[in-house]
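# Provided below are the primary sequence and the corresponding predicted coordinates.
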Amino acid sequence: MFALRLCTQVSRVPFEAFNFGRGGSMRGLKVAVVGAVGGIGQPLTLLLKQNPHISVLSIHDIRNTAGVAADLSHINTPATVCNFEGKSGLKKAMDKADIVVIPAGLPRKPGMRREDLVDVNASVACEVAHAASAVCPGALLAFITNPINVIVPIVATILKAKGTYDPNRLFGVTTLDVVRSKTFIGDILNVDPRTVDLPVIGGHTGHTILPILSQCQPLYKGSDEERQALIRRIQEAGTEVVKAKDGLGSATLSMAYAAYHFVESLIKGIKGSKDECIVECAYVDSDVTEAKFFATQLILGPQGIKENIGLPEMDDEEKQALECMLPNLKKSIENGIKLGEEMSC
């Protein structure tokens, strides 16, 4: 009886028993989480276990997945939890997945920039890209692993080399920048932050994060000084958390919430709804600027990106900020492409 709720590497329940796929699957979707035991992974899997459209929640990490899987399996929701470990388990975890979410990787510590994580976390991106090409080339891949500005180009380059690249299915999750923007503005305007709407474009580090305050709804009317302070806070919010945790980690709970929100939107897109337009910001393959990858608002559908809405209207200060950050973003992308080429073989 328990095997129906918790399957492991030695489980006798075959994957074929579950009807996966986008085309009217009877039991819903398979979602794999790579890095499920970490500070982001555990709260993220808790949230995913509650989604009624997920029939199989596959969790992977280097070690200690059995305990997390057993814990999750006691939650009275229909999703079956499967756990896998190490390099040998990665392909098994991702096999036939509809969505793969990747929070795996080294988190930031005090004094570190997201860019400082490249050397360690690039290997995570490489392993996931190779596994996706082999066992779930049609999956939607949502990367949380930092630095997003570099990691997504690495993955795209590897997938291209493998002949399995679909730009509509690869995402860098920048939702936390949007979530923070809404929260901070909601506090300032004394409104429910869930009612705040604004695009956050660019990348996912420092001044490459560009909240378009001129398009905020409800209208934000701060002074120039207040506006600049708000933008700086949004751009450095991750560092704010790292410092507050005093060496004990980076943003985990807020990132898990943001990641779940994004995955939920991917699921809504897959399921399809004629009456609902699913719009999210994400860092994707793009031609809206000189940068080959760029975060803008996207319309999501069954195959991932249905439409890139493109650049929003911007005031003169926002246009200038965009021009100032593009060289830095392009440099990160070039670094990612170079690393991807080196890892493709």
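Structure's in. What do you need?
# partners of the helix or strand where residue 141 lies in the sheet?
Assigned by DSSP states H and E, residue 141 belongs to strand 140-143. Here strand 140-143 is paired, per DSSP bridges, with strand 99-102 (parallel), strand 170-172 (parallel).
# And the helices in the stretch 201-345 of the chain?
224-235, 237-244, 253-271, 316-343 (DSSP state H, counting those that start in this stretch).
# Could you dump those into a markdown table with mean neighbour count, mean pLDDT and distance to residue 171 added?
Quick note: C-beta positions are derived from backbone N, CA and C, even for glycine. Shown next, in a markdown table, are the helices of the stretch 201-345 of the chain (neighbours: other Cβ atoms under 10 Å; pLDDT from 0 to 100; distance: least, Cβ to Cβ, whole Å):
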| stretch | mean neighbour count | mean pLDDT | distance to residue 171 |
| --- | --- | --- | --- |
| helix 224-235 | 15 | 96 | 20 |
| helix 237-244 | 17 | 92 | 19 |
| helix 253-271 | 20 | 97 | 8 |
| helix 316-343 | 17 | 96 | 15 |
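# Out of the ones you listed, the one nearest residue 164 is which?
helix 316-343 (13.4 Å; Cβ to Cβ).
# for the stretch 101-250 of the chain, what spans make up the strands?
140-143, 170-172, 200-202, 209-211 (DSSP state E, counting those that start in this stretch).
# give me every residue that touches residue 124.
Residues near residue 124 by Cβ atoms under 8 Å, 6 or more residues apart in numbering: 34-35, 102, 104-105, 145.
# Which one among these sits at the bottom for pLDDT?
The member of those with the lowest pLDDT is residue 105, at 79.
# neighbours around it, how many?
22 (other Cβ atoms under 10 Å).
# Adding distance to residue 197, write the helices of the stretch 201-345 of the chain out as CSV.
Formatted as CSV, those follow (distance: least, Cβ to Cβ, whole Å):
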stretch, distance to residue 197
helix 224-235, 15
helix 237-244, 18
helix 253-271, 14
helix 316-343, 16
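# Could you measure from residue 136 over to residue 269?
17 Å (Cβ to Cβ, to the nearest Å).
# go on, residue 210?
Taking Cβ to Cβ, one finds residue 210 at 24 Å from residue 269.
# chain center to stretch 247-267: distance?
8 Å (Cα atoms, centre = their mean, to the nearest Å).
# thinking again about what came up before, and of the strands paired with strand 140-143, who's closest to residue 66?
strand 99-102 (19.9 Å).
# my guess is residue 31 contacts residue 56, does it?
Yes. With contact defined as Cβ atoms under 8 Å, residue 31 reaches residue 56; the gap is 7.4 Å.
# between the two, which one's more packed in?
residue 31 (29 against 23).
# for the helix or strand hosting that one, packing partners?
Applying DSSP H and E as the criterion places residue 31 in strand 29-34. When contacts are defined as 3 or more Cβ pairs under 8 Å, 6 or more residues apart in numbering; DSSP states H and E, strand 29-34 sits against helix 41-49, strand 54-61, helix 86-94, strand 99-102, helix 253-271.
# Can I get stretch 222-229 as PDB, trimmed to CA atoms?
Provided in PDB are the C-alpha atoms of stretch 222-229 (Å, rounded to 0.1, in the frame of the first residue of the first chain):
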ATOM      1  CA  GLY A 222       7.700  58.200  -4.900                       C
ATOM      2  CA  SER A 223      10.200  61.100  -5.200                       C
ATOM      3  CA  ASP A 224      13.400  60.500  -7.300                       C
ATOM      4  CA  GLU A 225      15.300  59.800  -4.100                       C
ATOM      5  CA  GLU A 226      12.700  57.400  -2.800                       C
ATOM      6  CA  ARG A 227      12.500  55.700  -6.200                       C
ATOM      7  CA  GLN A 228      16.200  55.100  -6.400                       C
ATOM      8  CA  ALA A 229      16.200  53.800  -2.800                       C
END
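# one step back: can you lay out the helices and strands packed on strand 29-34 as CSV showing distance to residue 290?
Below are those laid out as CSV (distance: least, Cβ to Cβ, whole Å):
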stretch, distance to residue 290
helix 41-49, 33
strand 54-61, 36
helix 86-94, 33
strand 99-102, 27
helix 253-271, 26
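# Could you break this structure into its assigned domains?
As given by automatic domain parsing, the domain ranges for the chain are 11-173, 175-334.
# and of those, who's closest to residue 342?
Here domain 11-173 is closest among the domains of the chain (Cβ to Cβ), at 9.2 Å.
# just for this structure, where's the confidence low?
Counting by pLDDT under 70, the low-confidence segments of the chain come to 1-27, 106-117, 345.
# and if we set it to 90?
The model of the chain has pLDDT under 90 over residues 1-27, 104-121, 242, 246-250, 272-276, 343-345.
# Let me see the contact set for the most centrally placed residue in it.
Central residue of the chain (Cα atoms, centre = their mean): residue 173, 2.9 Å from the mean position. Each residue near residue 173 by Cβ under 8 Å, 6+ apart is listed here: 101, 142-144, 148, 258-259, 262, 282-283.
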